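Colleague: below is the structure, and that's it, no one-letter string:
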């Protein structure tokens, strides 16, 4: 049997401890699968004394993860510290420079420095594996990087943030407000004390940026993403969506268009009868559409210590099965030096159906004015729903909901701006994109 | 750059021709991804003159696929002939014996001879890849063999036959009979002239047997599968299922139980709100439940030339990225020699919910007799629906539908036998298992 694969883990939080436990508990089976033992020989964490449910006293302890990366007797460096700068970035870079394979779950680091790190890995001939960085336990990186070789991707989209999906699922199922569901998510540990990063779509954007690079062979462009979170989704939107046969999900979408690649994160109406509409709670899902394979959908746990550890262990096992002299596939599907510059599509040209919810004065001529604004912008309407809201603050109001046929973002914005200028609105207009979904 | 990978294709039907076209059309991108060219240097097919939409005149032609496997200048042998004996088996064996990597889409061959062939491959140190053999374009083999390293599977189940799912989807959507939908499936080329193999579940069983081996590290046991097809599913069942919040799917299920491994293929009630219930038409889906990752679901095209070719090309690309001296992971997850004997679970002990549809005489005391038979067998009922059917052939009939809480197969069979003996039935009883599904 080949020599044992020596692993060093930097960061022993929930995921790190879980990885160490799985490597111990499933040692015999992993050895059978990989043809060699996998042994944790070094670790780095702030607190040496904490009980993590696994005995790591046999491992070399380092206070400094960079020292671990450079000096420990290891073949693979596992980065589970987090953050896009500081220790995480420095130790991953140090490990690659030292010619060690790296496994990381750090989406923020990859979204910002992934291409530069991939170049170092490829120059050094080592692997940089990051299955856990996108959609937790779902093997979407392996699927796109390996299984889909030869396919050209047209669109990749998904539910990439469990916190948002949990909130939207409960809002729909129980009729609760956004604020109430967010508070529960925080209480249950699904959302951070400062939830902005999740609910405003930034977390989804990091993951989407990585998928975009894999899908289209372009450099990672995490800052070039249209971003809209879920904090302005109301019960009125959710109820109206249900009435029209849709469900609201926060999707990350990357799509090939004539003008370039479109990357967007926003609340989206998906048909209730679609597979992705049945993805509830903290579950994640990714759909990939290609020219040869067609449409593939993967769903599963997107977060949590165990699901994330499962992806990390899968990455380690792939390295264990490889041998010195084995030349690996490139980190982002094609060699980092050959990744194309990201060419951003005109977002305003995005074509698709739209859901428009308008709260307006309940008076004669309002609907005619709205209809004219739509017609003036060549917008054809698929359905129209109108409810009288009664009187609020002395003003008689009604809600008008429009679902458009395929049109452009620019046309919709122009039409809604027109309605706003007409002075009929009593509240902010709501515009939600509709996404075709298998 | 490394030397080109030389590929020989045996069988140039729909899939074979599609593989050749993809390797040509996507040559540049595949070379970038794999770090070397992939070239079709040899082919074998009955008819040399047929137009397959791709120029193969540069390749060496062989009349005999076994000769191709043994004598052609190739690194990888692609078997796309089909069948579990004859030429397919002989040429795969010959290619492995000659120390060549093999890629095959042949589920029947693997279900019958997979373990023996894996032993040869592992002895010779070559790869035997077979992503296309199960669920077409869905990367379920790669997911279970690589991504889930370290996970112990509790259950794997799925929609593995597009023909059956197409028929059940249309029966539900359009209220058509089984016979009418089958005829349409045949007309559209989704079903063979003799459809028995698909509709009686044999095709699903072959695929399930391969997944079972990967899931539980046991030898393939395709003959030890409980088999029940969809030909006795009626509109009455489909309507009753819908009324109770279920949809009927033909599932292959492999599950770890206390008494061994349970393998079964049968029509199954799945909750309408589950993800797998939204898998329509010829689409396939596989759900895998493990101790660490949790539940993962993959859905996508399960058949067709292009989707199958996509899986074959992915397998070839994996080989192209490897290099001589690279020691590969075992074919069925653990070394073939270490696969455990298959230990069959007691099928009659299968525990779960059941749907029971009884057509009975519309007379006093019948329902009481049914209820007593259920109670006598400790079966607790979740719901009961009763319809008067009117009079047929001079006999007043009604339909009684029972949904049980978790009970055993044995108890249900005994209770239904009792009802039959009581002489109340006017038609064959229908029993359909209910499966928990995420």
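Modeller: Arrived safely. Keep in mind that this is a model prediction, so the values were computed, not measured.
Colleague: which residues of the stretch 1-150 of chain A lie near chain B?
Modeller: Within reach of chain B by C-beta under 8 Å from any C-beta of the partner chain, the stretch 1-150 of chain A has these residues: A:2, A:22-23, A:26, A:29-30, A:32-35, A:131, A:137-139, A:142-143, A:146-150. C-beta here means a position set from N, CA and C on the backbone, and glycine is covered the same way.
Colleague: helices - which of the residues you listed land there?
Modeller: A:22-23, A:29-30, A:32-34, A:142 (DSSP state H).
Colleague: max pairwise distance over these: which two?
Modeller: A:32 and A:142 (20.4 Å; C-beta to C-beta).
Colleague: mind listing what residue A:155 touches?
Modeller: Taking C-beta atoms under 8 Å, 6 or more residues apart in numbering or on different chains, we find residue A:155 in contact with A:253-256, A:287-289.
Colleague: pretty sure it sits in a strand.
Modeller: Yes - assignment of residue A:155 by DSSP: H, G, I helix; E, B strand; the rest coil places it within a strand.
Colleague: which pLDDT does the model give it?
Modeller: The model reports residue A:155 with a pLDDT of 97.
Colleague: go on, residue A:188?
Modeller: Among the per-residue scores, residue A:188 holds a pLDDT of 89.
Colleague: count the residues that sit near it.
Modeller: Neighbour count of residue A:188, defined by other C-beta atoms under 10 Å in any protein chain shown: 11.
Colleague: phi and psi next, for it.
Modeller: Here is the backbone geometry of residue A:188 (degrees, to the nearest 10): phi -90, psi 0.
Colleague: check residue A:390 too.
Modeller: Per-residue torsions, residue A:390: phi 80, psi -160 (degrees, to the nearest 10).
Colleague: quick one on the thing from earlier: for residue A:390, state which of the ones in helices among the residues of the stretch 1-150 of chain A next to chain B is nearest.
Modeller: For these, the nearest to residue A:390 is residue A:142 (54.3 Å; C-beta to C-beta).
Colleague: could the ones in helices among the residues of the stretch 1-150 of chain A next to chain B be laid out in a markdown table, adding pLDDT, distance to residue A:419 and neighbour count?
Modeller: Supplementary listing: these in a markdown table, determined by pLDDT from 0 to 100; distance: C-beta to C-beta, whole Å; neighbours: other C-beta atoms under 10 Å in any protein chain shown:
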| residue | pLDDT | distance to residue A:419 | neighbour count |
| --- | --- | --- | --- |
| A:22 | 97 | 56 | 24 |
| A:23 | 98 | 60 | 24 |
| A:29 | 93 | 62 | 16 |
| A:30 | 95 | 61 | 22 |
| A:32 | 90 | 66 | 15 |
| A:33 | 90 | 61 | 24 |
| A:34 | 91 | 62 | 24 |
| A:142 | 96 | 47 | 21 |
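Colleague: and which of the residues you listed is nearest to residue B:318?
Modeller: Using C-beta to C-beta, those come closest to residue B:318 at residue A:142, 10.6 Å.
Colleague: thought the closest one was touching residue A:314?
Modeller: Yes - contact criterion C-beta atoms under 8 Å: residue A:142 and residue A:314 qualify, at 7.5 Å.
Colleague: now do the domain split for chain A, please.
Modeller: For chain A, automatic domain parsing gives the domain ranges A:5-137+A:305-338, A:150-300, A:348-433.
Colleague: how about residue A:134, nearest residue that isn't a chain neighbour?
Modeller: Computed as C-beta to C-beta, 6 or more residues apart in numbering or on different chains, the closest residue to residue A:134 that is not its neighbour in sequence is residue A:207, at 4.5 Å.
Colleague: what's the burial count for that neighbour?
Modeller: 27.
Colleague: contacts only, for it.
Modeller: Counting by C-beta under 8 Å, 6+ apart, residue A:207 touches A:107, A:111, A:133-135, A:160-161, A:252.
Colleague: let me have the residues you listed in CSV, adding secondary structure and pLDDT as columns.
Modeller: Formatted as CSV, the contacts of residue A:207 follow (DSSP: H, G, I helix; E, B strand; the rest coil; pLDDT from 0 to 100):
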residue, secondary structure, pLDDT
A:107, helix, 96
A:111, helix, 96
A:133, helix, 97
A:134, coil, 97
A:135, coil, 96
A:160, coil, 98
A:161, coil, 97
A:252, strand, 98
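Colleague: any idea which of those residues is the one closest to residue B:185?
Modeller: residue A:135 (34.7 Å).
Colleague: quick check: that closest one touching residue A:304?
Modeller: No - between residue A:135 and residue A:304 there is no contact, the gap being 11.9 Å when judged by C-beta under 8 Å.
Colleague: coming back round to it: out of the domains of chain A, which is closest to residue B:310?
Modeller: Of all those, domain A:150-300 comes closest under C-beta to C-beta, at 4.0 Å.
Colleague: give me the subset of the contacts of residue A:155 lying in helices.
Modeller: Among these, no residue falls in helices (DSSP H).
Colleague: now list the buried members of these.
Modeller: Neighbour counting by 16 or more other C-beta atoms under 10 Å in any protein chain shown classes A:253-256, A:287-289 among those as buried.
Colleague: what is the burial count for the closest residue to residue A:149 other than its chain neighbours?
Modeller: Counting by C-beta to C-beta, 6+ apart, residue B:317 is the residue found nearest to residue A:149 once chain neighbours are left out, at 3.5 Å. Residues lying near residue B:317 (other C-beta under 10 Å) number 23.
Colleague: give the contact list for residue B:317.
Modeller: Residue B:317 makes contact with A:146, A:149-150, B:30, B:33-34, B:38 under the criterion C-beta under 8 Å, 6+ apart.
Colleague: in what helix or strand does it lie?
Modeller: helix B:305-321 (DSSP states H and E).
Colleague: which strands and helices sit next to the following helix or strand past that helix?
Modeller: The helix or strand immediately downstream of helix B:305-321 is strand B:351-361, counting by DSSP H and E. Judged by 3 or more C-beta pairs under 8 Å, 6 or more residues apart in numbering or on different chains; DSSP states H and E, the packing partners of strand B:351-361 are helix B:235-243, helix B:366-376, strand B:395-404, strand B:407-408, helix B:409-421, strand B:430-434.
Colleague: nearest to chain A, out of those?
Modeller: Closest of the helices and strands packed on strand B:351-361 to chain A is helix B:235-243, at 13.4 Å (criterion: C-beta to the nearest C-beta).
Colleague: just list what the closest one packs against, helices and strands only.
Modeller: Helix B:235-243 packs on helix B:162-174, strand B:246-257, strand B:351-361, strand B:395-404, strand B:430-434, going by 3+ C-beta pairs under 8 Å, 6+ apart.
Colleague: chain center to that helix: distance?
Modeller: 24 Å (C-alpha atoms, centre = their mean, to the nearest Å).
Colleague: equivalent analysis for stretch A:336-350, please.
Modeller: The chain centroid and the centroid of stretch A:336-350 are separated by 18 Å, computed with C-alpha atoms, centre = their mean.
Colleague: with stretch A:75-85 instead?
Modeller: Stretch A:75-85 sits 19 Å away from the centroid of its parent chain (C-alpha atoms, centre = their mean).
Colleague: quick one on the thing from earlier: what is the mean pLDDT for the helix holding residue B:317?
Modeller: Averaged over helix B:305-321, pLDDT sits at 95.
Colleague: pretty sure residue A:204 belongs to a strand, no?
Modeller: No - under the criterion used here (three-state DSSP), residue A:204 is helix, not part of a strand.
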